[in-house]
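> Curious how this folds, go ahead:
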Amino acid sequence: MHSRSGSAALARRARLILLSVDGIAFNEIRARLDCDVRYIRRWRERFIAERVVGLSTLPKGVSQAKTDARLEARVLDYTVTRKPADGSTHWSTRKLAAQLGGISHNTVSRIWREHGIKPHRLEGYMASNDPQFEDKAADIIGLYLNPPAHAAVFCVDEKTAIQALDRKDRVLPLSPGRAERHGFEYKRHGTLSLYAAFATQTGEIIGKTAERHTSAEFVSFLGQIVASQSAGREIHVIADNLSAHKTHQVTAFLAANSNVQLHYTPTYSSWLNQVELWFAKIERDVIGRGVFTSVSDLKNKLMRYIRQYNKQPRTVKWKYFDPSRRIKTQ
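Here you go, the predicted structure:
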């Protein structure tokens with residue numbers, strides 16, 4: 001009944017059965033579903049006779065469309081292994097029907113639907129070529145699910161080249177029936193980098209802005225993280241493989257702060273770093289539609305957002321469902 005992809009008619013019949021099970025009278029069911037008594041009786045009888053399958057059967061006198069097995073195989077073969085002759089990247093139902101001849105686009109659509117094929121959909125992926133992927137991933141996931149006692153775990157990264165964009169025309173505000181509108185032309189006032197450390201146990205953010213993302217700025221930010229914790233507390237920092245994270249300055253900092261341990265994510269595996277989820281949030285809430293009159297204005301709005309966010313921080317409920325689905329490089 002709550003399916004978002006099923007038909008509305010099927011959901012309506014399912015709702016009818018559930019109301020009947022609850023002992024709701026016919027008259028009330030009629031009022032809720034806007035139907036007549038014959039509709040209620042027909043689908044109740046079909047459900048009693050055929051159970052759930054009976055709710056999706058066609059009315060009497062209408063036969064189920066059948067597709068020849070050879071035609072079905074031909075449609076699937078063209079869809080999966082071939083491309084349209086006009087240079088299109090994928091098939092549409094009408095293009096494939098015209099290519100095969102003698103069938104309708106509805107037949108093609110039905111075959112695709114039965115086999116779960118959606119040529120118009122495209123998904124992206126990133127394959128890690130790190131030979132130590134499993135070990136590094138297990139180390140990081142272990143810090144999320146079972147961190148060391150009395151230790152702090154931070155996910156650290158920088159969001160670089162955030163543009164301070166100002167609109168040349170005034171912003172037209174949101175109004176009933178009309179979305180907020182921005183002028184097409186804009187001014188660039190410069191860029192800024194945002195360093196963020198996401199505390200996995202509390203969800204709090206430690207933030208810092210910088211004009212450039214250098215190793216010196218990264219080391220300075222690590223110092224800010226250490227200063228935020230009690231003296232000598234064990235600190236685990238999860239970061240990516242950016243060259244600025246692996247310089248002699250970083251090595252010297254770690255040598256001088258033995259309580260800090262740096263964990264690198266596998267290559268091309270930024271999804272393992274929880275701070276990326278928070279970066280997506282600040283992009284939606286502040287940066288994407290923001291209007292900034294200067295770099296200073298951008299900095300103030302970013303830091304104000306972090307201060308407000310830290311009043312009600314939220315942790316990430318981390319789950320790793322199926323390791324076998326990882327796409328490996330050949």
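> which parts of the one helix or strand residue 281 maps to are buried?
When secondary structure is defined by DSSP states H and E, residue 281 falls within helix 275-282. Along helix 275-282, the positions that meet the burial threshold by neighbour count (16 or more other C-beta atoms under 10 Å) are 275, 276, 278, 279, 282. The C-beta positions use only the backbone N, C-alpha and C, and glycine is treated the same way.
> Pass me the low-pLDDT residue ranges in the chain, would you?
For the chain, applying pLDDT under 70 flags the ranges 57-67, 320-330.
> Sheet partners, orientation included, of the biggest strand by length in it?
Of all segments of type strand in the chain, defined using DSSP state E, the longest is strand 152-167. Strand 152-167 has the following sheet partners, assigned by DSSP bridges: strand 186-199 (antiparallel), strand 235-239 (parallel).
> deepest of these, which one?
With neighbours defined as mean count of other C-beta atoms under 10 Å, the strands paired with strand 152-167 peak in mean count at strand 235-239, which reaches a mean of 22.
> any idea which helix or strand comes after that strand?
Tracing the chain C-terminally past strand 235-239 and defining elements by DSSP H and E, one meets helix 248-256 next.
> Give me the packing partners of whatever helix or strand comes next after that following helix, helices and strands only.
On the C-terminal side of helix 248-256, the closest following helix or strand by DSSP H and E is strand 260-264. When contacts are defined as 3 or more C-beta pairs under 8 Å, 6 or more residues apart in numbering; DSSP states H and E, strand 260-264 packs onto helix 133-145, strand 235-239, helix 248-256.
> what comes up buried for the first one?
Applying a neighbour-count criterion of 16+ other C-beta under 10 Å, the buried positions in helix 133-145 are 133, 136, 137, 139, 140, 143, 144.
> right, and the fourth one touches residue 263 too?
Yes - under the criterion of C-beta atoms under 8 Å, residue 139 makes contact with residue 263 at 5.9 Å.
> of all the buried residues of helix 133-145, which comes closest to residue 239?
Comparing the buried residues of helix 133-145 against residue 239 with C-beta to C-beta places residue 140 closest, at 10.3 Å.
> gap between the closest one and residue 185?
Applying C-beta to C-beta, to the nearest Å, the value for residue 140 to residue 185 is 43 Å.
> and if you look at residue 317?
With C-beta to C-beta as the criterion, residue 317 and residue 185 are 42 Å apart.
> before we move on, what about residue 245?
Distance from residue 245 to residue 185, counting by C-beta to C-beta: 38 Å.
> Those two - which one has more neighbours?
Taking neighbours as other C-beta atoms under 10 Å, residue 245 and residue 185 compare with residue 245 leading, 19 against 8.
> Just give the nearest non-adjacent residue to the more buried one, would you?
Closest residue to residue 245 apart from its sequence neighbours, by C-beta to C-beta, 6 or more residues apart in numbering: residue 239 at 5.0 Å.
> residues contacting the one you found?
Taking C-beta atoms under 8 Å, 6 or more residues apart in numbering as the contact definition, residue 239 lies against 156, 157, 245, 262, 263, 264, 265, 273.
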